[in-house]
Structure formats: structure tokens, C-alpha cells
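Trainee: build me a model:
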Amino acid sequence: TFNLSRTLDDLDDHTDPFHIPFTLDQAIRLIQRNERGRAGIQKAMMIANWRREAERREKRLTEGVDFADLEDDSEELLAAQRAAVSKIAASWKRKAAIRCVQRMKQEEYIFLGMLPPVEKPPVDQIALAEEIRVQRRQSQIEAS
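Mentor: Numbers count the residues shown, from 1 in each chain. Got it, this is the predicted structure:
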């Protein structure tokens, strides 16, 4: 009806998919070229990493202050101390924020039923201490 031929087409491709029209010399040259390129890229990345590390070391050395040479009331020492204090405060603030977020996440999971609720029965410390004291007395009496 659509003017299609009724003969079956041979849909199978009988050529070897792994056949590459290269001679052995051409294949060797191709592999060598690819290997040289890979080695060059790897060497360039290694050199870039070396340079980056050297820059970091230089930056640390230039930013670093030798505290032994500074006087106790010098402005440089105070500035370095302020910078150190602000870094410490920022790290503690970050740590506190992470703990708060983790606690909120845990509470939300418990609320949603994704985690079982944490049930901690209240412990009477005075009664517990009294029980331990009684057990010690009994063991001392039994030992003597």
C-alpha cells in the first residue's frame, strides 16, 4: 500500500567491527602519539601542582609573623593575635552551627518517623549512688 518492496533487506552488517584500516606502523605511531600526549598532560599537571604548592608556601612565609622578634605591645603582634582569635572564633562558631544543624536534622528525622525516638529514662543519681554504697558495704563485709 505504501509502495514498499516485499523483499527482505539484509539488516546484518557482516563486516568485522574490530577491523581498522591501519598498517602496523600506523597503529604504532598512533599509540606513541597518544602516549606522548598523555605523558605531556600528566607532566603539565604535576608542574602546575608544584607551582601551586610553592605559591602556598611563599604566601605562608610572607603572611607569617615571627613572634619572637616582636615586642609585647607592638601593633603587629596585636594584629596577628586579633587575626588568630578571629580564626579560632570562626572555627568554633562553624562547629557550633554544624552541631546545631545536626541536632535539628536528628529531631526532624525523629519527627518524620525516619529514626526511632531516643528514649532516655531519667536516672535518680542519689538513689544510684546509695545502691552502689550498699553493694560496696556488703562486699566489704563478705570479704572480712
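Trainee: separation between the residue nearest the centre of the chain and residue 25?
Mentor: The chain has residue 98 as the residue nearest its centroid, 15.1 Å off, counting by CA atoms, centre = their mean. Distance of residue 98 to residue 25, given as CB to CB, to the nearest Å: 61 Å. (Glycine included, C-beta is placed from N, CA and C.)
Trainee: rewinding a little: sec struct for the residue nearest to the centre of the chain, please.
Mentor: Look at residue 98: counting by DSSP: H, G, I helix; E, B strand; the rest coil, its state is helix.
Trainee: would you check how far apart it and residue 92 are?
Mentor: Counting by CB to CB, the gap from residue 98 to residue 92 is 11 Å.
Trainee: likewise for residue 142?
Mentor: Counting by CB to CB, the gap from residue 142 to residue 92 is 51 Å.
Trainee: neighbours around residue 13, how many?
Mentor: 7 (other CB atoms under 10 Å).
Trainee: now stretch 74-94, how far from the centre of its chain.
Mentor: Put simply, stretch 74-94 sits 26 Å off its chain's centre (CA atoms, centre = their mean, to the nearest Å).
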